[in-house]
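**Q** coordinates only, sequence not included:
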């Protein structure tokens, strides 16, 4: 009986999950200064949207690479990093210490977990100029790094 209910509900849930070719779910979160930032504010240029925590080694590696890409592409690329860290002060220190210049948003309530179906961090979405999801990467390694660089070319 439980399996039948799960199967009946699953298509409804899956329809709401982000998929390639779809616009990303609405995202509106505070930045490190407390200002509410909307993902839609960056439309018209490629966006790399990543979900992370400051204490995860693979997240740190991903953020380092994304910062390098931001340095390389400048204002023609937006990098939006959504943190699931609970303490803003720790995140602020992490960003300052690493001299990151991307857009860092804070999701203390973990509201994006369900919207974006995040089960592993980092999870990264590549969103094209038309505002559609082109790529979704779960975790981070050299293959993901190369795939993101190829996507930008």
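**A** Good, I have the coordinates. Note that the coordinates shown come from a computational prediction; the quantities given were computed from them, not determined experimentally.

**Q** Does the closest residue in space to residue 128 that isn't next to it in sequence fall in a helix, a strand, or a coil region?
**A** Nearest residue to residue 128 in three dimensions, chain neighbours excluded: residue 134, at 4.9 Å (CB to CB, 6 or more residues apart in numbering). For the C-beta atoms, the positions are set from N, CA and C on the backbone; glycine is no exception. Judged by DSSP: H, G, I helix; E, B strand; the rest coil, the three-state class of residue 134 is strand.

**Q** tally of neighbours for residue 134?
**A** 14 (other CB atoms under 10 Å).

**Q** Check it and give its pLDDT.
**A** Residue 134 is assigned a predicted lDDT (pLDDT) of 97.

**Q** I'd like to know how far the closest residue to residue 27 other than its chain neighbours sits from residue 58.
**A** Nearest-residue entry for residue 27: residue 39, 4.0 Å, with adjacent residues in sequence omitted and distances by CB to CB, 6+ apart. Distance, residue 39 to residue 58, by CB to CB, to the nearest Å: 23 Å.

**Q** Of those two, which one has the most company?
**A** Each of residue 39 and residue 58 has its neighbours counted (other CB under 10 Å); residue 39 has more, 24 against 15.

**Q** Quick check: the nearest residue to residue 94 once chain neighbours are set aside vs residue 90, distance?
**A** Excluding the flanking residues, the one nearest residue 94 by CB to CB, 6+ apart is residue 54, at 4.1 Å. For residue 54, the distance to residue 90 equals 6 Å [CB to CB].

**Q** ok, residue 71 - contacts?
**A** residue 101 (CB atoms under 8 Å, 6 or more residues apart in numbering).

**Q** at 10 Å instead, please
**A** 77, 101-102 (CB atoms under 10 Å, 6 or more residues apart in numbering).

**Q** I'd like the next helix or strand past the strand or helix carrying it.
**A** Assigned by DSSP states H and E, residue 71 belongs to helix 57-73. The C-terminal neighbour of helix 57-73 among helices and strands, as given by DSSP H and E, is strand 78-83.

**Q** Show me what that next one packs onto, helices and strands only.
**A** For strand 78-83, the packing partners by 3 or more CB pairs under 10 Å, 6 or more residues apart in numbering; DSSP states H and E come out as strand 28-30, strand 47-52, helix 57-73, helix 88-98, strand 103-106, strand 123-127.
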